[in-house]
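**Q** prediction below, plus the sequence it came from.
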Amino acid sequence: MKLDAYKSCSFSEKRQVLETFWRSRPAESTKVASAATQYGPWAVALLIVIMLELVLLLIATVSLGYPAGWFALIPGALAAFGLVKAVERSRALGTPTEQAA
């Protein structure tokens, strides 16, 4: 999982990459399309880590009897929604090797 195309982008190109990935906007260049394709697996992986952290937080706080632990469900639901969207977009954009071929 390389990010060389994403790292080589300027600030405005990185903004275009995020719009291409998260908002389904068409890529303005092949560099932006390649960077969005490389960004996808990282977005999915990081959202999985966030979900695991929130699940552990929920389990730990509720098992200790802290009712405030249930508030972890709200960001957990948002992270789950983001994870589903990231997987959908990552599949729609394809893998970096598919675009290179």
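**A** Right, received. Where do you want to start? Just so it is clear, the model here is predicted, and its values are computed rather than measured.
**Q** so where's the chain shaky on pLDDT?
**A** Low-confidence segments of the chain (pLDDT under 70): 1, 95-101.
**Q** and the strands in it?
**A** In order along the chain, the chain carries no strands (DSSP state E).
**Q** next one: the lengthiest helix in it to chain centre, how far?
**A** Counting residues, the longest helix in the chain under DSSP state H turns out to be helix 30-63. Offset of helix 30-63 from its chain centre (CA atoms, centre = their mean, to the nearest Å): 5 Å.
**Q** how many neighbouring residues does the nearest residue to residue 21 once chain neighbours are set aside have?
**A** Spatial nearest neighbour of residue 21, excluding adjacent residues (CB to CB, 6 or more residues apart in numbering): residue 36 at 4.5 Å. C-betas here are computed from N, CA, C, even on glycine. Using other CB atoms under 10 Å, residue 36 is surrounded by 27 other residues.
**Q** make sure residue 36 is actually in contact with residue 17.
**A** Yes. Between residue 36 and residue 17 there is a contact at 4.9 Å, judged by CB atoms under 8 Å.
**Q** before we move on, back to that, same for the longest helix of the chain, what does it pack against?
**A** Here helix 30-63 touches helix 4-7, helix 11-22, helix 73-93, helix 96-100, going by 3 or more CB pairs under 8 Å, 6 or more residues apart in numbering; DSSP states H and E.
**Q** got the angle for that helix vs helix 73-93?
**A** Per axes from the mean of the first three to the mean of the last three CA atoms, to 10 degrees, the angle that helix 30-63 makes with helix 73-93 is 150 degrees.
**Q** number the residues from 37 up from this point.
**A** Got it, the first residue is 37 from now on, which makes the last one we talked about helix 66-99.
**Q** helix 66-99 vs helix 47-58, what angle?
**A** If you take the same axes, to 10 degrees, helix 66-99 sits at 60 degrees to helix 47-58.
**Q** now helix 66-99: buried residues?
**A** The neighbour-count check on helix 66-99 (16 or more other CB atoms under 10 Å) flags 67-77, 79-80, 83, 86-87, 90, 94, 97 as buried.
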